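Q: mind folding the following:
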Amino acid sequence: MPLPPEVPRPAPPGTGFGPPPAAPSGAPAGSQRPASVTGTFVRLKLAVLRNGVRQSTGRTVSWCLGVGLALLCALGNGAGMIALRGDAYAPAAATTLVTAVAVGWTVMPLFFFGGDDTLDPTRLAMLPLRPRPLIAALLASSLVGAGPLFTLLIGVGAVVALAHGAAATVVAVPAVVLVLAVCAAASRGVAAANTRLLTSRKGRDLALLSGLVVAVGAQLVNLGLSSLSSHHGLHRVTSVASVLRWIPPASAVDAVRSVSDGDYGRAAVQLALAVVLLAVLLRWWYRTLHRLMMSPDSSTLQPSPDSTERKGGRRPLLSLLLPERVMAGRTATVMERQFRYVGRDPKLRASWATGLAVGLLLPLVAVVQHGSVYQCLWTAGLLGMQMYNQFGMDNSAFWTVVATTTTRREAEAELRGRALMLTVVALPYVTVVTCATALLLGRAGAMPEVLGMAYAFLGALISTGGYTSVRFPYAVTQDNAFGNAAPGNGSMVAFNALGGSVVASAFCLPVLGLDLALHLTGHHALLWTVLPVGAVYAAVLSVVSLRFTAPRLLDRLPEILSAVALP
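A: Here you go, the predicted model:
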């Protein structure tokens with residue numbers, strides 16, 4: 001007997017399963033479109049902002065202060081742009097300001113990715129969402145917050161400064177919309193393309209470097225303002241703006257000026273450039289989302305045996321620079337280990353990046369402001385400070401050094417390897433920066449004496465840093481991304497930095513005395529002798545310090561392990 005056809009049972013409410021709802025009467029089957037998720041994403045973004053502010057009183061106060069300062073800055077810039085209305089430099093200022101805001105939108109996700117959970121599209125991978133509606137929803141949610149409001153105020157101020165006439169006012173509306181859309185699409189596209197990177201260990205490294213980027217950016221802004229304060233500063237901005245006016249989204253803003261001047265063809269081309277860039281960004285974002293949702297995470301895949309064998313068969317980098325006899329000793333092993341630590345540890349990388357970047361930036365400031373060539377000594381100082389607290393980053397892994405150091409020669413090889421690793425990087429860097437600065441300042445004759453002083457200062461810092469690392473070690477925490485020392489060691493950090501710098505400067509007095517004596521006695525033809533004297537003095541000082549510190553390292557191994565090991 002045939003069984004009756006099974007009648008589908010209604011699913012429980014809220015489960016999302018069961019037969020699809022029937023189409024409305026009079027509508028063909030299959031014509032019903034899924035509901036838009038844009039409103040849901042906008043409400044989700046508002047909920048994320050609201051819940052983030054409610055986490056603590058301190059976070060609420062900091063968020064309010066940050067938003068208030070951002071809006072105050074936006075209002076000030078917008079009012080300044082409106083005040084320039086009718087001025088000859090208004091178009092250059094408007095395009096430059098909009099370009100700077102667009103660059104900020106593009107690079108910010110690389111450094112503050114973890115501060116906004118909505119930037120991570122992999123959190124939505126398990127939801128039944130197609131890329132196109134997902135892009136529309138994410139783009140709409142990107143326009144919610146203090147950043148879009150800041151950009152809106154800047155854009156409105158820019159177009160008001162350039163709009164003259166009814167036609168220009170009409171074009172100003174889509175121009176501001178294009179500026180917001182291009183900025184949001186670029187930010188989301190960069191975040192999606194770098195999601196796997198920014199959620200990994202390398203992403204945490206970028207977060208550590210954000211402070212360095214802010215510091216370097218502040219110095220670059222200072223240089224820019226100094227350049228603008230000169231007699232020809234505004235003319236330079238005008239020449240740069242003649243190029244920026246054709247680069248979206250600044251081209252959309254400059255289209256308002258073109259309409260005000262009656263050049264409708266040029267305005268159409270500038271608006272078309274912004275529309276084309278927006279389409280390219282959306283297409284790139286779409287392809288990135290599709291690949292991100294469909295491809296597996298490489299961190300969950302097992303490496304193939306062939307790739308493992310190839311990776312394991314590579315020779316160390318130092319083996320290409322040092323002879324085989326040296327590579328067989330402990331010194332080269334310690335150098336190779338320290339290079340690997342810098343390549344793997346986020347804090348060490350951030351510390352080295354800070355020393356290299358700021359050490360290059362300060363001489364650059366001297367070149368721009370026509371300062372002293374002796375400002376290059378900052379480069380040697382910042383890199384030499386890397387020798388301080390050599391064992392603090394090892395933490396509990398320092399027990400491997402304790403277990404393998406039983407003689408004075410092994411202790412000396414440990415210190416020598418760490419000092420040579422620093423010298424291999426710092427010595428050529430200091431040489432190149434000093435020579436380039438002297439040439440750019442037109443002080444090629446001062447190059448030998450400045451190099452001699454830089455070598456002496458670097459050698460003094462390496463010498464005192466090795467002893468200080470043994471005598472005054474402290475632990476470095478790994479939990480706090482922006483902290484250097486474990487709680488309770490703040491005074492030790494200050495003592496190492498300030499005391500070590502003063503003592504190292506005192507050790508450089510013989511070389512400084514020679515330099516001053518030659519200047520005061522008028523023997524300028526002999527100033528080249530400061531270079532070999534400084535280099536030899538630095539080498540002798542390092543060797544003497546190494547011989548003096550090695551026995552103390554051997555005696556203090558248990559104390560150092562107790563000081564640097566985190567509980």
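Q: for Arg85, grab phi and psi.
A: For Arg85, the backbone dihedrals (degrees, to the nearest 10) come out as phi -60, psi 120.
Q: and the pLDDT at it?
A: Per-residue confidence (pLDDT) for Arg85: 84.
Q: Leu526 contacts Leu518, correct?
A: Yes: assessed by CB atoms under 8 Å, Leu526 is found in contact with Leu518 at 5.5 Å. Quick note: C-beta positions are derived from backbone N, CA and C, even for glycine.
Q: tally of neighbours for Leu44?
A: Using other CB atoms under 10 Å, Leu44 has 16 other residues around it.
Q: so where is the stretch 201-350 of the chain shaky, pLDDT-wise?
A: Applying pLDDT under 70 to the stretch 201-350 of the chain flags the ranges 201-237, 239, 294-328.
Q: can you map out the helices along it?
A: Under the criterion DSSP state H, counting those that start in this stretch, the stretch 201-350 of the chain contains helices at 201-228, 233-244, 250-260, 264-294, 305-312, 324-327, 330-344, 346-368.
Q: next: the stretch 51-200 of the chain.
A: 57-83, 90-111, 131-142, 146-162, 166-193, 195-198.
Q: the stretch 401-550 of the chain now?
A: Using DSSP H, counting those that start in this stretch, helices in the stretch 401-550 of the chain cover 408-440, 447-471, 490-494, 500-507, 509-520, 530-555.
Q: who are the packing partners of the last one?
A: Yep, that's helix 530-555 we're talking about. Other elements packing on helix 530-555 under the criterion 3 or more CB pairs under 8 Å, 6 or more residues apart in numbering; DSSP states H and E are helix 408-440, helix 447-471, helix 509-520.
Q: take the ones you listed and write them to a markdown table, including mean pLDDT.
A: Shown next, in a markdown table, are those (pLDDT from 0 to 100):
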| stretch | mean pLDDT |
| --- | --- |
| helix 408-440 | 90 |
| helix 447-471 | 91 |
| helix 509-520 | 90 |
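Q: which one of the ones you listed lies closest to Thr195?
A: Nearest to Thr195 among the helices and strands packed on helix 530-555 is helix 408-440 (32.2 Å), distances taken as CB to CB.
Q: okay, buried residues for that closest one please.
A: 411-423, 425-427, 429-431, 433-434, 436-438 (16 or more other CB atoms under 10 Å).
Q: returning to what we had before: show me which of Leu526 and Leu518 is the more surrounded one.
A: Leu518 (18 against 12).
Q: ok now do the more buried one, which residues does it touch?
A: Going by CB atoms under 8 Å, 6 or more residues apart in numbering, Leu518 touches 524, 526-527, 529-530.
Q: returning to what we had before: I'd like the helices and strands packed on helix 530-555 laid out as JSON lines, including distance to Arg132.
A: Formatted as JSON lines, these follow (distance: least, CB to CB, whole Å):
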{"stretch": "helix 408-440", "distance to Arg132": "49"}
{"stretch": "helix 447-471", "distance to Arg132": "58"}
{"stretch": "helix 509-520", "distance to Arg132": "68"}
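Q: relative to Gly500, which of the ones you listed is closest?
A: Between these, helix 447-471 lies closest to Gly500; by CB to CB that is 5.1 Å.
Q: what residues of that closest one count as buried?
A: For helix 447-471, by 16+ other CB under 10 Å, it's 447-470.
Q: and what of stretch 67-74?
A: Buried-residue list, stretch 67-74, by 16+ other CB under 10 Å: 67, 74.
Q: list the contacts of it.
A: 146-147, 149-150, 153-154.
Q: the same query, at a cut-off of 10 Å, please.
A: Residues outside stretch 67-74 that contact it (CB atoms under 10 Å, 6 or more residues apart in numbering) are 53, 101, 145-147, 149-157.
Q: what about it, distance to the chain center?
A: The chain centroid and the centroid of stretch 67-74 are separated by 23 Å under CA atoms, centre = their mean, to the nearest Å.
Q: now it: mean pLDDT?
A: 82.
Q: how long is stretch 389-398 from one end to the other?
A: 13 Å (CA to CA, to the nearest Å).
Q: buried residues, it. List them.
A: 389-395, 398.
Q: repeat that for stretch 506-514.
A: By neighbour count on 16+ other CB under 10 Å, the buried set for stretch 506-514 is 507-508, 511-512, 514.
Q: top of the contacts of stretch 67-74 by neighbour count?
A: Gly155 leads the contacts of stretch 67-74 on contacts (other CB under 10 Å) with 28 neighbours.
Q: spit out the contact partners of Pro249.
A: 95, 98-99, 101-102, 105, 151, 155, 175-176, 178-183, 186, 273-274, 277-278.
Q: please repeat the previous calculation with a cut-off of 8 Å.
A: So Pro249 contacts 98, 102, 178-179, 182-183, 274, 277 (CB under 8 Å, 6+ apart).
Q: how much space separates it from Gly147?
A: 15 Å (CB to CB, to the nearest Å).
Q: equivalent analysis for Ser351, please.
A: Taking CB to CB, one finds Ser351 at 30 Å from Gly147.
Q: check Leu439 too.
A: 42 Å.
Q: what's the pLDDT at the closest residue to Ser469 other than its chain neighbours?
A: Nearest residue to Ser469 in three dimensions, chain neighbours excluded: Gln390, at 4.1 Å (CB to CB, 6 or more residues apart in numbering). At Gln390, the model reports a pLDDT of 87.
Q: which residues sit in contact with Gln390?
A: 418, 465-466, 469.
Q: and it, what element?
A: Using DSSP states H and E, Gln390 sits in no helix or strand.
Q: next, it: phi, psi?
A: Residue torsions, per degrees, to the nearest 10, at Gln390 are phi -60, psi -30.
Q: what residues are up against the residue nearest to Gly329 when sequence neighbours are not counted?
A: Nearest non-adjacent residue to Gly329, counting by CB to CB, 6+ apart: Ala413, 6.6 Å away. By CB under 8 Å, 6+ apart, the contact list for Ala413 reads 329-331, 334.
Q: so Ala272 versus Asp261, what's the distance?
A: For Ala272 relative to Asp261 (CB to CB), the value is 18 Å.
Q: should've said Cys64
A: From Cys64 over to Asp261 (counting by CB to CB), the distance is 43 Å.
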